[in-house]
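Peer 1: output the structure for:
(one chain, ligands or ions: 1)
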Amino acid sequence: MNELSNSLAAADIAHQLHPYTNARAHEEKGPMIITRGDGIRVYDSTGKEYIEGMAGLWSVAVGFSEDRLAKAAYDQMLKLPYYHTFAHKSTEPSIRLAEKLAEMTPEHLTRCFFTNSGSEANDTIVKMVWFMNNALGRPEKKKFIARHKGYHGITVASGSLTGLGGNHRDFDLPAIPVTHLTTPHFWREGAEGETEADFTARLLKEIEDTILAEGPETIAAFIGEPVIGAGGVFVPPEGYWPGVAALCKKYDMLLIADEVINGFGRLGTPFGSQRYDFEPDIMTLSKQISSSYMPLAAIMLTDAVYDVIADNTAKLGSFGHGFTGSGHPVACAVGLENLKIIEEKDLMGNAARMEAPFQEGLRKLLDHPLVGEVRGVGLIAGIEFADKTTKVNYAPAGSVAAKAAALCTEEGLIARNVYETLALCPPLIVTEEDVAEILARLGRALDRLSDWAK
Ligand code: PLP
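Peer 2: Residues are numbered from 1 along each chain as shown. The predicted structure follows:
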């Protein structure tokens, strides 16, 4: 390491508390400082090159060197670096982006509320749902149904919806009324002798039984990611989502699709709810909305949801909710340009075309002695380490996935260990050659993993 990276590392250790990091281990190990990006690649402070197989945090659709986004930010900064959207004020970028999102998302989603992050968006949704049900004169209809291993963020309400112990432990969460039900993951959760159709039926029955036990008059909404991402990449069983949608309709519950990872082509369809054939009442969008070049998230609403909220704001005199950065003009200008690039370069179509080489290439890893399951759709995948026959993960918990991620890093591929799974989620700009190179680097890392495990 050169002098600059040494002094940066020392300052990082001295002054920064990192998210999702063991702070004491970090003090020993120090940071990996990423200094620049180029297409699907990033470089660290020693000059080492990596393919960013996770698109940052499942988010950089257009790659790490898109000049058009830099220009969109610069131009907007010069013209109007900031203005808000409170109290009837608006700005051209927020208006154009809201219009663009209404055009791109399924037709029934027409209204948009902007936040800075996915967590803020889901927190806002919780408040919107409560606001709505109070307005409708059913103040007891406030509970949420979510799933174990679902990820919806880390703020007090969104972190409560998240179904991962690591996000609850010692944070006093869940702090809102939420019930977490079975992860829709057939390979692990399917019972002995159960078909995928039986499994779906059992999960739907679990949801319905929960609604009936709690009382339908108390359950406000069901929230889920079409394909679960950060909890370990779980693809739902056949028929699951249309079944969930039917239950929401039957018991007058709102259906919330958290498409923070799935949205804008990740699954090979524009939105995950389209791949799984259901129509949410509310959709959460972030990450690929701006390729994370700027913090930005959006909540899409139907007219029906909007109308109840709008009527209540008229009754109360205002919508008592909003962020300083809601509809930030620079973030929105970048988001708008990013979506134009996604469309012009047909990156959603590219994700669909790359699905076969990517997913089929990864399925070959099933031959690996430590791999239990390979799963995924479009350009998102998970490789779970477990005994193939018993499905038992290796001890200590998470150690094999962590080692696999470390070996990938050494081989020049950034992948992410989430619990027992190694996740991959490359930028949507990947070519067939890039996919082959990702598979080659991964293959070398997993060969070394076998040696390590011996
Ligand atoms: N929802 C989903 C599905 C996510 O994957 C994430 C982040 O990974 C969030 C919400 C939270 O977004 P943020 O990290 O921007 O708060």
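
Peer 1: how far away is the residue of the stretch 101-250 of the chain found nearest the ligand from residue 36?
Peer 2: Among all residues of the stretch 101-250 of the chain, residue 118 sits closest to the ligand, at 2.3 Å; criterion: CB to the nearest ligand atom. For glycine as for every other residue, the C-beta is placed from the backbone atoms N, C-alpha and C. Applying CB to CB, to the nearest Å, the value for residue 118 to residue 36 is 26 Å.

Peer 1: which of the helices or strands spans residue 383?
Peer 2: Using DSSP states H and E, residue 383 maps to strand 380-385.

Peer 1: does residue 416 touch residue 422 like I think?
Peer 2: Yes: using CB atoms under 8 Å, residue 416 is in contact with residue 422, at 7.3 Å.

Peer 1: between the two, which is the more surrounded one?
Peer 2: The residue with more neighbours, out of residue 416 and residue 422, is residue 422; 31 against 19, by other CB atoms under 10 Å.

Peer 1: gap between the more buried one and the ligand?
Peer 2: Separation of residue 422 from the ligand (CB to the nearest ligand atom, to the nearest Å): 17 Å.

Peer 1: same check on residue 448?
Peer 2: Going from residue 448 to the ligand by CB to the nearest ligand atom gives 29 Å.

Peer 1: in a helix, that's where that residue is, yeah?
Peer 2: Yes: looking at residue 448 with DSSP: H, G, I helix; E, B strand; the rest coil, it is inside a helix.

Peer 1: and the pLDDT at it?
Peer 2: Residue 448 carries a pLDDT value of 98.

Peer 1: what does residue 107 give?
Peer 2: For residue 107, the model assigns a pLDDT of 98.

Peer 1: is it in a helix, a strand, or coil?
Peer 2: coil.

Peer 1: how many other residues sit next to it?
Peer 2: 8.

Peer 1: and what of residue 170?
Peer 2: A count of nearby residues for residue 170, using other CB under 10 Å, gives 6.

Peer 1: what residues does the stretch 201-350 of the chain put near the ligand?
Peer 2: With CB under 6 Å from any ligand atom as the criterion, the stretch 201-350 of the chain meets the ligand at residues 225, 229, 230, 258, 260, 261, 286.

Peer 1: residue 13 is in contact with residue 30, isn't it?
Peer 2: Yes: taking contacts as CB under 8 Å, residue 13 lies within contact range of residue 30: 6.0 Å.

Peer 1: hang on, the earlier thing: neighbour count: residue 118 and residue 36, which is higher?
Peer 2: Per other CB under 10 Å, whichever of residue 118 and residue 36 has more neighbours is residue 118, with 29 against 12.

Peer 1: residue contacts, the more buried one?
Peer 2: Residue 118 is in contact with 152, 153, 158, 258, 260, 284, 286, 287, 297, counting by CB atoms under 8 Å, 6 or more residues apart in numbering.

Peer 1: not counting sequence-adjacent ones, nearest residue to the last one?
Peer 2: In this structure, residue 297 finds its nearest non-sequential neighbour in residue 286, 3.6 Å apart by CB to CB, 6 or more residues apart in numbering.

Peer 1: go on, the second one?
Peer 2: Nearest non-adjacent residue to residue 153, counting by CB to CB, 6+ apart: residue 119, 2.9 Å away.

Peer 1: residue 245 and residue 256 touch, don't they?
Peer 2: No: if you go by CB under 8 Å, residue 245 and residue 256 don't touch, sitting 11.4 Å apart.

Peer 1: joint contacts of these two?
Peer 2: With CB under 8 Å, 6+ apart as the test, residue 245 and residue 256 both reach residue 280.

Peer 1: more neighbours: which of those two?
Peer 2: A side-by-side neighbour count of residue 245 and residue 256, using other CB under 10 Å, places residue 256 first with 28 against 20.

Peer 1: confirm the more buried one sits in a strand?
Peer 2: Yes: with three-state DSSP as the criterion, residue 256 is located in a strand.

Peer 1: any idea what it is bridged to?
Peer 2: According to DSSP bridges, the partner residues bridging residue 256 are residue 223, residue 282.

Peer 1: what residues are up against it?
Peer 2: 125, 221, 222, 223, 224, 280, 281, 282, 283, 284.

Peer 1: does the last one sit in a helix, a strand or a coil?
Peer 2: The assignment at residue 284 comes out as strand when based on three-state DSSP.

Peer 1: now the second one
Peer 2: When the structure is split into helix, strand and coil by three-state DSSP, residue 221 lands in strand.

Peer 1: that one is in contact with residue 130, isn't it?
Peer 2: No: contact criterion CB under 8 Å: residue 221 and residue 130 do not qualify, at 9.9 Å.

Peer 1: wait, isn't the residue nearest to residue 297 in contact with residue 299?
Peer 2: No: in this structure residue 286 lies outside contact range of residue 299 using CB under 8 Å: 9.7 Å.

Peer 1: overlap of the contact sets of the two?
Peer 2: In contact with both residue 286 and residue 299: residue 121, using CB under 8 Å, 6+ apart.

Peer 1: which of these two has more residues huddled nearby?
Peer 2: Counted by other CB under 10 Å, residue 286 and residue 299 do not tie: residue 286 has more neighbours, with 30 against 24.

Peer 1: so what's that one up against?
Peer 2: By CB under 8 Å, 6+ apart, the contact set of residue 286 is 59, 117, 118, 121, 260, 263, 296, 297, 298.

Peer 1: ok, residue 332 next?
Peer 2: Counting by CB under 8 Å, 6+ apart, residue 332 touches 91, 93, 94, 96, 97, 114, 296.

Peer 1: just the buried residues from these, in ChimeraX please.
Peer 2: Filtering the contacts of residue 332 down to the buried ones (16 or more other CB atoms under 10 Å) takes a single ChimeraX command:
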select :91,93,94,97,114,296
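
Peer 1: out of the contacts of residue 332, which comes closest to the ligand?
Peer 2: Ranked by distance to the ligand (CB to the nearest ligand atom), these are led by residue 296 at 9.1 Å.

Peer 1: go ahead and confirm the closest one touches residue 333.
Peer 2: No: counting by CB under 8 Å, residue 296 stays clear of residue 333, with 10.2 Å between them.

Peer 1: how about the residues of the stretch 51-200 of the chain by the ligand?
Peer 2: 57, 117, 118, 119, 122, 151, 152, 153.

Peer 1: mean confidence score for the helix or strand harbouring the first one?
Peer 2: When secondary structure is defined using DSSP H and E, the element that contains residue 57 is helix 55-58. Averaging the model's pLDDT scores along helix 55-58 yields 98.

Peer 1: re earlier: take the contacts of residue 256 and write them to JSON lines, including neighbour count and pLDDT.
Peer 2: JSON lines is the format used below for those (neighbours: other CB atoms under 10 Å; pLDDT from 0 to 100):
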{"residue": "125", "neighbour count": "28", "pLDDT": "99"}
{"residue": "221", "neighbour count": "26", "pLDDT": "99"}
{"residue": "222", "neighbour count": "25", "pLDDT": "99"}
{"residue": "223", "neighbour count": "27", "pLDDT": "99"}
{"residue": "224", "neighbour count": "25", "pLDDT": "99"}
{"residue": "280", "neighbour count": "30", "pLDDT": "98"}
{"residue": "281", "neighbour count": "22", "pLDDT": "98"}
{"residue": "282", "neighbour count": "24", "pLDDT": "99"}
{"residue": "283", "neighbour count": "30", "pLDDT": "99"}
{"residue": "284", "neighbour count": "28", "pLDDT": "99"}
